[in-house]
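In: coordinates only, sequence not included:
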DNA sequence: GCCGGGCTAATTTTT
DNA sequence: TTAGCCCGGC
């Protein structure tokens, strides 16, 4: 243990060895926060202050949880399997499975991912005849999730107007439907677990007595409900060790509440506040840029990163004529970096929004440079996988209407929309599941439905003795999925994915320590969780910790695997291993680091994004996002922007981002003449200087109209500052121009009045 | 049930 | 520009 402590710097070591009290660790980017977190756990266990069972460590992503597990296992000669290290959702899932009865859930309750949830809402709207113009399912989904993330049930939501009242009704209706079908959405996992602990004193006290140490990663990303959940588990005696960085809070838009950091400090009277400011990642100029930029934010707890790695290279800034030229320059730069012996996988290309990747990909393809785009469809989200999982879900829980509808006619069984509508009516009036409504339907439709039910029931009974992988094989075969994709022209990849699903099940069982020959539907005890009922039976004075009995705390490998599929979603993309350039949004780059980083598209309106200015605190969140981007780079950082960009099918004329102006000039090296502003020659959208002025709208000459202005021209205004002409309308005295003044906004100015100086 | 034309909207996203 | 969605026609 000592050797791990010795390898830490002083603040890190202080944090790791804090007494068992609440602590807030402000961990700057690249300051070794994961290291501190895992060493803290190891230290608590090694010094006998905590048992592995007595620690709860919570993260946001599966990746972070896995990382923590691996590092911990490397430090201590213990198995981390039984430990409560996981994501908020994963841990809540675990708790709800163990106490499904107390939580009023079926033993094999299933988890809806976002797409499933939206589907469930659409189904509800159809059933209730909701006008989806006035109440778009997307908005209902947003409404429900935000309410749940605040810890509010439908009756708790304050009704402010009629529209709002409808949303509340739909929320209640949606929850009722989920309850009927035995499914829970992501936010429900949290809320249900929170309510369970709040209502069940015995259970609450049990977990409070167990988890003397609660460690939280990325604390700045917690939402209101997660904070309250932690608070509940902490009780009065347990110590919360929260690690976070308010400067990297970039998820306010999805409910994250940075305010939790200040609230934690206040409400828990935190006396141990430690700042980790030594950065082990980036060279000096890069850090200087990050520090100077983030200083412009008013609301922050205050930190300043430093390094002893030396100044390093200056940050390179490039101004391109067009987005295509920006991409072309980038590709050339990458080529020379690779020619010098650099790895492509060490280089990241970042952008604010996904749409920006297109033009870059185009240039990369043209030059034959391998690349990988992050984001997109994940393994368990693929259609064929979702289909197979739906069959499995029906086996686990026949009343899952979402799963029923997904596969009742896939592969096609002649059960069309009409039949399903009739079936839906029967189910609605009888208040039963679609499956149970099938018996009431006669005729051809009825018999086809019976056949389908027979298939599901047959699979359920005949596979009772089969282990999970074999069950999946059977399902893929008997459902007709395999044959369906064999007949499809491009079904080979889908078949490959279905085979991969079987492998995923094998891997899952191995990871969970479930025997490969345990029948998929047999009860499996969840490691040392007190069982439903057992707690009550154990009553007072009995140590329930080891009471995991044969009865209650059992789930089935199938249900567990389905939960895993919803929560883990799998890798974004295949193609690992190859040395490829990494393309991603700034958001998805959080937590990663690269030797070289290209931050592209640094233009007003794009980054900071124009929509952000409307939201309170929006600009500061954009700035934190830029801070995240800068601090991803270890050795070399490029910043680039373009004078013109194709956006929504139109050429937009932008200004360089204010964020570039906020950086220390002495740390920058301009690759193009500094702040050149506009060039005299017109370049078309492909980035090539036009040999002749192209005809048609958008070309400068056709818009001049004797105003002396061109589109794309830089001008200066006494009040608004520097701007770019975006549009010109009318002629003579009526002529007016739309000008993008960047920070001052986009204005229409009458040219006869406005005093504009061409730059 | 499937295909294609027309319409619309267009940050960021993990679980 | 383009991707996703809905509706009408076969």
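Out: Perfect, thanks for sending it. All of these numbers come straight from a predicted model, not from anything done at the bench.

In: for DNA strand B, give me its nearest residue in the stretch 301-450 of chain A.
Out: Closest approach between the stretch 301-450 of chain A and DNA strand B, counting by C-beta to the nearest atom of the strand: residue A:416, at 3.0 Å. C-beta coordinates here come from the backbone N, C-alpha and C atoms, glycine included.

In: what distance do you get for that residue to DNA strand C?
Out: Separation of residue A:416 from DNA strand C (C-beta to the nearest atom of the strand, to the nearest Å): 12 Å.

In: mind checking the SS state of the residue lying closest to that residue once chain neighbours are set aside?
Out: The shortest distance from residue A:416 to any residue other than its chain neighbours is 7.2 Å, reached at residue A:409 (C-beta to C-beta, 6 or more residues apart in numbering). In terms of secondary structure, residue A:409 is coil; the call rests on DSSP: H, G, I helix; E, B strand; the rest coil.

In: show me what contacts residue A:409?
Out: A:415, A:416, A:420 (C-beta atoms under 8 Å, 6 or more residues apart in numbering).

In: the helix or strand where residue A:499 lies near DNA strand B anywhere?
Out: Applying DSSP states H and E as the criterion places residue A:499 in helix A:492-512. No: on the criterion C-beta under 7 Å from any atom of the strand, helix A:492-512 is out of touch with DNA strand B, staying 14.6 Å away.

In: can you pull out the strands in the stretch 401-550 of chain A?
Out: If you assign secondary structure with DSSP state E, counting those that start in this stretch, the strands in the stretch 401-550 of chain A sit at A:524-525.

In: up against DNA strand B, what does it have?
Out: Checking the stretch 401-550 of chain A against DNA strand B by C-beta under 7 Å from any atom of the strand, the hits are A:409, A:412, A:414, A:415, A:416, A:417.

In: can you pull out the helices in the stretch 601-750 of chain A?
Out: For the stretch 601-750 of chain A, the helices defined by DSSP state H, counting those that start in this stretch occupy A:618-630, A:658-661, A:700-704.

In: in CSV, list those helices along with mean neighbour count and mean pLDDT.
Out: Supplementary listing: the helices of the stretch 601-750 of chain A in CSV, determined by neighbours: other C-beta atoms under 10 Å; pLDDT from 0 to 100:
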stretch, mean neighbour count, mean pLDDT
helix A:618-630, 24, 97
helix A:658-661, 20, 96
helix A:700-704, 16, 43
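
In: nearest to residue A:435, of the residues of the stretch 401-550 of chain A next to DNA strand B?
Out: If you rank these by distance to residue A:435 using C-beta to C-beta, residue A:415 comes first, at 12.9 Å.

In: please name the residues that touch the residue nearest to residue A:426 when sequence neighbours are not counted.
Out: Residue nearest to residue A:426 in three dimensions, not counting chain neighbours: residue A:437, with 4.1 Å by C-beta to C-beta, 6+ apart. For residue A:437, the set of contacting residues under the criterion of C-beta under 8 Å, 6+ apart consists of A:423, A:424, A:426, A:427, A:430.

In: just the buried residues of these.
Out: By the neighbour-count criterion of 16 or more other C-beta atoms under 10 Å, the contacts of residue A:437 include these buried positions: A:423, A:424, A:426, A:427.

In: in helices, which of those residues appear?
Out: Secondary-structure check on the buried ones among the contacts of residue A:437 using DSSP state H: residues within helices are A:423, A:424, A:426, A:427.

In: isn't the third one up against residue A:436?
Out: No: using C-beta atoms under 8 Å, residue A:426 makes no contact with residue A:436, being 9.1 Å away.

In: which parts of chain A sit against DNA strand B?
Out: By the rule C-beta under 7 Å from any atom of the strand, the part of chain A lying against DNA strand B is A:60-63, A:87, A:89-90, A:113-114, A:186-187, A:251, A:253-254, A:352-355, A:375, A:409, A:412, A:414-417, A:567-569, A:584-585, A:587-588, A:609, A:611-612, A:615, A:618, A:622, A:648-649.
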